[in-house]
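Participant: Provided below are the primary sequence and the corresponding predicted coordinates.
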Amino acid sequence: MMMEVYEDRIAPAAPRYITALAASEREIQEAQRLRYQVFALEMGANLASPSDGIDHDDFDPHCEHLLVRDRHTGAVVGTYRILTAEGARRAGGYYSAREFDIESMAALEERVVELGRACVHPSYRHGSVIASLWAGLAAHILSRGYRYVIGCASIPLNDGGRLAASIYHHIAWRFPSPPCWRATPRCPFPVYGVPIDPEPPMPALLKGYLRLGALVCGEPAWDRDFRTADILLILPTARMNPRYAERFLRHS
């Protein structure tokens, strides 16, 4: 696989980070070790691979893996998993289809790419690394000509679900998808009858999706293994916010 490198020059500290697609099994395992650290050790997720210190599943071999690497230490500090329509066919479907009924999107399949397993090392959750992830994704998505991007925004449930319910109510009516793209959660997370904060803090990656132009496909699913409420989003690239897209691509 030819490595695609997107240099990040958004902030003064940005030359410290390189964003690239994984070009070897060793690099994929670096991403999987970071995922294990974040999902298993930090969030307490019940992973399918709990004993070897990496997070891997049956989708990984069919995905591309985007990495953000710290030049100073050589460590992978951010990652995203990218699943194309061709990869989804080999994997038996999109990961989102395990959490949602997405039959309404079947007509879009050949033009869809799915993002998932996003995470950033806890010591690097600042603007430069997140911007590097988004710069790499924007350049990759647009260079490949994908028309639609789907993915789940995951919200931790360590407060009993108040944040997840508050965020859903805050964004559902502001950024609704058309009815033809609505998806039904297979295991719904209850978002009614919960105390709601009118201005909840928004996770950085979810905020980035919405700023780019993503739309909410319906109520969240309850991911019991990852202990999160997952909101399915769709981003038609034709409605991508040009101000944010230009900002990312200018520095990619």
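Facilitator: That came through fine. The model shown is predicted, which means the values in this text are computed figures rather than measured ones.
Participant: mind listing the helices in the stretch 51-200 of the chain by residue range?
Facilitator: 85-91, 127-144, 162-172 (DSSP state H, counting those that start in this stretch).
Participant: Using JSON lines, lay out these together with mean pLDDT.
Facilitator: Shown next, in JSON lines, are the helices of the stretch 51-200 of the chain (pLDDT from 0 to 100):
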{"stretch": "helix 85-91", "mean pLDDT": "95"}
{"stretch": "helix 127-144", "mean pLDDT": "86"}
{"stretch": "helix 162-172", "mean pLDDT": "97"}
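Participant: closest to residue 75 out of the ones you listed?
Facilitator: Minimum separation from residue 75 across the helices of the stretch 51-200 of the chain (CB to CB) falls at helix 127-144, 11.3 Å. (Each C-beta comes from the backbone N, C-alpha and C, glycine too.)
Participant: Just the buried positions in the closest one, please.
Facilitator: Residues 128-141 are the ones in helix 127-144 that count as buried (16 or more other CB atoms under 10 Å).
Participant: and what of stretch 171-185?
Facilitator: Under the neighbour-count criterion of 16+ other CB under 10 Å, stretch 171-185 has 171-172, 177, 181-183, 185 buried.
Participant: Helix, strand, or coil at the residue lying closest to residue 46 once chain neighbours are set aside?
Facilitator: Take residue 46 and drop its neighbours on the chain: the residue closest to it by CB to CB, 6 or more residues apart in numbering is residue 225, 4.4 Å away. Following DSSP: H, G, I helix; E, B strand; the rest coil, residue 225 is assigned to coil.
Participant: with the buried residues of stretch 171-185 in mind, which one is nearest to residue 24?
Facilitator: residue 183 (34.6 Å).
Participant: which residue ranges form the strands in the protein?
Facilitator: Secondary structure of the chain (DSSP state E): strands at 5-7, 17-21, 64-70, 76-84, 100-101, 112-120, 148-156, 184-185, 215-216, 221-223, 228-236.
Participant: list the buried ones in stretch 96-113?
Facilitator: Within stretch 96-113, the residues that qualify as buried are 96-97, 99-100, 102, 104-105, 108, 112-113, counting by 16+ other CB under 10 Å.
Participant: Endpoints of that stretch, how far apart?
Facilitator: 11 Å (CA to CA, to the nearest Å).
Participant: Go ahead and name everything in contact with it.
Facilitator: Residues outside stretch 96-113 that contact it (CB atoms under 8 Å, 6 or more residues apart in numbering) are 82-85, 88, 94, 114, 116, 141, 144, 146-152, 180-187, 217-218, 221, 223, 230, 232, 234.
Participant: run the last query once more with 7 Å
Facilitator: Stretch 96-113 is contacted from outside by 82-85, 94, 114, 141, 146-150, 152, 180-186, 221, 223, 230, 232, using CB atoms under 7 Å, 6 or more residues apart in numbering.
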